[in-house]
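Participant: Please find the sequence and the predicted model below.
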Amino acid sequence: QVQLVESGGGLGQAGGSLRLSCAASGPTNSIYTMGWFRQAPGKDREYVAAISKFGSSTNYADSVKGRFTISRDKNTMYLQMNGLKPEDTAAYYCAARDRSYSRPYYESTSTYKYWGQGTQVTVSS
């Protein structure tokens, strides 16, 4: 069973930067697209970004485009967050698929089989 563990969350200032990591363990060769989601208190889980199996393709939510960068190296995925805003405050979750899809469906949480436990990001103004 694939396990995902996030790290790197914490307190950031508006306009500042944080870098999240997601370490995968287990049968990692079975991992396809990976993604980041976030969930603020009282809100639904929200798609942030996704990256294809070999990192050749990336996709971002409009809310983070131009500020966040997703990358992937062997068994670790990263989310570089620049230009932080207070509205970026949320618990951030990494997720991974165990198969490919005919269409991206990046935003669909049901297409991701494995999930991390989440790491909190808090941005002060």
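Facilitator: That came through, no problem. Residues are numbered from 1 along each chain as shown.
Participant: And the strands in this structure, which stretches?
Facilitator: 3-7, 10-13, 18-25, 34-39, 46-51, 58-60, 68-73, 76-81, 90-96, 114-115, 119-124 (DSSP state E).
Participant: need the contact list for the closest residue to S71 other than its chain neighbours.
Facilitator: Excluding the flanking residues, the one nearest S71 by CB to CB, 6 or more residues apart in numbering is Y78, at 4.8 Å. C-beta: built from backbone N, CA, C; applies to glycine. Y78 makes contact with 19-22, 70-72 under the criterion CB atoms under 8 Å, 6 or more residues apart in numbering.
Participant: Which among these count as buried?
Facilitator: Neighbour-count burial (16 or more other CB atoms under 10 Å) applied to those gives 20-22, 70, 72.
Participant: and G26, backbone torsions?
Facilitator: The phi/psi pair for G26 (degrees, to the nearest 10) reads phi 100, psi -150.
Participant: Who's the closest spatial neighbour of it, skipping the chain neighbours?
Facilitator: In this structure, G26 finds its nearest non-sequential neighbour in V2, 4.4 Å apart by CB to CB, 6+ apart.
Participant: you'd agree the one you found is up against Y112?
Facilitator: No. Shown here, V2 and Y112 do not form a contact pair, counting by CB atoms under 8 Å, at 10.9 Å.
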